[in-house]
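> Structural data only, the sequence is not supplied:
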Ligand SMILES: Nc1ncnc2c1ncn2[C@@H]1O[C@H](COP(=O)(O)OP(=O)(O)OP(=O)(O)O)[C@@H](O)[C@H]1O
């Protein structure tokens with residue numbers, strides 16, 4: 001790790017704060033980060049902290065500001081107000097230093113059609129000091145099953161994305177920013193990307209994973225930011241979500257008046273004799289409690305990201321209520 005910049009000037013690793021509950025320093029930090037294009041406000045005062053070693057998902061529909069946020073983090077565009085820092089470096093004023101520390105997979109790829117796959121990997125890897133070339137070739141050939149002798153113009157859209165992914169994952173940097181990394185991929189290649197993200201996390205890389213596919217973002221992320229029309233609406237802690245059980249119980253002869261406090265149960269919805277509970281904690285005491293009651297039916301499961309996502313993007317969310 002970190003070979004790509006060890007030889008260069010030492011990079012200051014300022015710590016802005018500790019992400020709540022994680023006790024790890026935030027290495028990506030934004031404060032009231034905003035971007036306007038003329039009168040149009042593409043990003044509206046985003047505050048976020050991404051902890052070292054965290055996979056941070058960015059979720060939101062088309063046009064919600066994910067790519068704008070990423071471009072601001074990389075210093076590819078200038079904030080209208082607010083700021084972003086990576087390892088304490090200002091993303092706009094110190095953008096070259098920032099980009100040395102970050103491997104970026106753009107959502108829209110522009111590659112040289114006349115180069116072969118191998119030539120492209122060699123060329124782009126050389127620009128970064130050449131450290132990642134062997135690994136990039138290995139990922140491209142062995143994981144992505146690409147024929148690197150072919151010219152890039154003969155690659156399909158998905159093959160081009162695979163080539164760029166091989167480079168992104170091979171780069172020996174601390175931060176990976178992946179903008180819709182699976183958008184053009186078939187299901188098995190998507191699975192490989194998920195596996196590579198998990199592997200990157202295991203070796204300590206910090207990853208921003210922007211996407212539309214809830215199940216993918218859910219599977220890889222430690223936390224997920226939900227964007228809507230340029231605003232950061234909600235940050236979901238996936239560890240806490242994974243520890244959450246949903247319990248749907250139908251009681252015979254009415255729902256129980258009291259729920260023992262130490263069970264970790266909270267009623268979310270009641271309809272007639274049916275209660276939907278949220279449950280956190282040991283399953284044994286919960287099952288014993290249910291067994292002691294006249295329960296007609298019970299279903300225990302988990303809840304995916306769809307529910308928090310729909311709070312901000314579902315059919316009930318009125319248009320225009322968050323304008324301004
Ligand atoms: N250069 C630009 N000039 C004007 N408007 C822009 C420009 N770039 C982005 N926008 C607008 O900013 C908003 C946010 O765009 P952005 O690309 O960040 O969305 P996104 O969440 O990444 O969408 P997608 O999922 O479609 O990639 C959109 O309404 C877009 O039209």
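On my side now, so go ahead. What you are looking at is a predicted structure, and each value in this text was computed from that prediction instead of being measured. Numbering: from 1, shown residues only.
> Check the separation of the first and last residues in stretch 55-67.
Stretch 55-67 has an end-to-end distance of 17 Å (criterion: Cα to Cα, to the nearest Å).
> does the ligand sit close to it?
Yes - shown here: stretch 55-67 in contact with the ligand (Cβ under 6 Å from any ligand atom) through 60, 62-67. (Glycine included, C-beta is placed from N, CA and C.)
> how near is residue 32 to residue 170?
35 Å (Cβ to Cβ, to the nearest Å).
> Over to residue 48?
For residue 48, the distance to residue 170 - Cβ to Cβ - is 27 Å.
> try residue 303
Distance, residue 303 to residue 170, by Cβ to Cβ: 36 Å.
> higher neighbour count, these two?
residue 170 (23 against 14; other Cβ atoms under 10 Å).
> Am I right that that one is in contact with residue 141?
No - checked against Cβ atoms under 8 Å, the pair residue 170 and residue 141 is beyond contact range at 11.9 Å.
> picking up where we left off before, show me the residues of stretch 55-67 next to the ligand that map onto strands.
Using DSSP state E, no member of the residues of stretch 55-67 next to the ligand falls within strands.
> Got a quick PyMOL command for the buried subset of these?
Buried residues among the residues of stretch 55-67 next to the ligand (16 or more other Cβ atoms under 10 Å), as a PyMOL selection:
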select buried, resi 60+64+65+66+67
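> TSV for the residues of stretch 55-67 next to the ligand, including pLDDT?
Formatted as TSV, these follow (pLDDT from 0 to 100):
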residue	pLDDT
60	92
62	91
63	92
64	94
65	96
66	96
67	96
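> Mind checking which of the residues of stretch 55-67 next to the ligand are in helices?
Residues of the residues of stretch 55-67 next to the ligand located in helices (DSSP state H): 66-67.
> Pick out whichever of the residues of stretch 55-67 next to the ligand sits closest to residue 146.
Of all the residues of stretch 55-67 next to the ligand, residue 67 has the smallest distance to residue 146: 25.3 Å, by Cβ to Cβ.
> how about the nearest residue to the residue of the chain positioned farthest from its centre, chain neighbours excluded?
The outermost residue of the chain relative to its centre, with distances by Cα atoms, centre = their mean, is residue 253 at 45.4 Å. Of all residues not flanking residue 253 in the chain, residue 294 sits nearest, at 5.9 Å (Cβ to Cβ, 6 or more residues apart in numbering).
> Same check on residue 93?
residue 75 (7.9 Å).
> Neighbours of that neighbour, how many?
Residue 75 has 22 nearby residues by other Cβ under 10 Å.
> tell me the secondary structure for it?
coil (DSSP: H, G, I helix; E, B strand; the rest coil).
> contacting residues around it?
84, 90-96, 98-99 (Cβ atoms under 8 Å, 6 or more residues apart in numbering).
> Closest to the ligand out of the residues you listed?
Of all these, the ligand sits closest to residue 84, with 14.0 Å by Cβ to the nearest ligand atom.
> What helix or strand is that closest one located in?
Using DSSP states H and E, residue 84 sits in strand 81-86.
> pLDDT wise, what is the residue nearest to residue 253 at?
Residue 294 is assigned a predicted lDDT (pLDDT) of 91.
> ok, so what distance separates it from residue 257?
13 Å.
> Then residue 167?
For residue 167, the distance to residue 257 equals 62 Å [Cβ to Cβ].
> Residue numbers of the stretch 151-300 of the chain in contact with the ligand?
Residues of the stretch 151-300 of the chain lying near the ligand by Cβ under 6 Å from any ligand atom: none.
> Residue 224 contacts residue 233, doesn't it?
No - using Cβ under 8 Å, residue 224 makes no contact with residue 233, being 11.1 Å away.
> Residue 57 bridge partners, please.
For residue 57, the beta-bridge partners under DSSP bridges are residue 209, residue 224.
> what about this protein, any weak spots by pLDDT?
The chain contains residues with pLDDT under 70 at 1-24, 314-324.
> and the residue lying closest to residue 289 once chain neighbours are set aside, backbone torsions?
Among residues not flanking residue 289 along the chain, residue 263 sits closest, at 5.9 Å (Cβ to Cβ, 6+ apart). When quoted as degrees, to the nearest 10, the phi and psi of residue 263 stand at phi -80, psi -20.
> Please report how far residue 263 lies from residue 274.
According to Cβ to Cβ, residue 263 and residue 274 sit 18 Å apart.
> Likewise for residue 73?
Residue 73 is 46 Å from residue 274, by Cβ to Cβ.
> Those two: who's more crowded?
A direct count of neighbours by other Cβ under 10 Å for residue 73 and residue 274 places residue 73 higher, at 26 against 14.
> So that one versus the ligand, what's the distance?
From residue 73 across to the ligand, the span is 12 Å (Cβ to the nearest ligand atom, to the nearest Å).
> Check which helices and strands the one helix or strand residue 198 maps to sits against.
Assigned by DSSP H and E, residue 198 belongs to helix 187-202. Counting contacts by 3 or more Cβ pairs under 8 Å, 6 or more residues apart in numbering; DSSP states H and E, helix 187-202 is packed against helix 157-170, strand 175-179, strand 206-211, helix 214-220.
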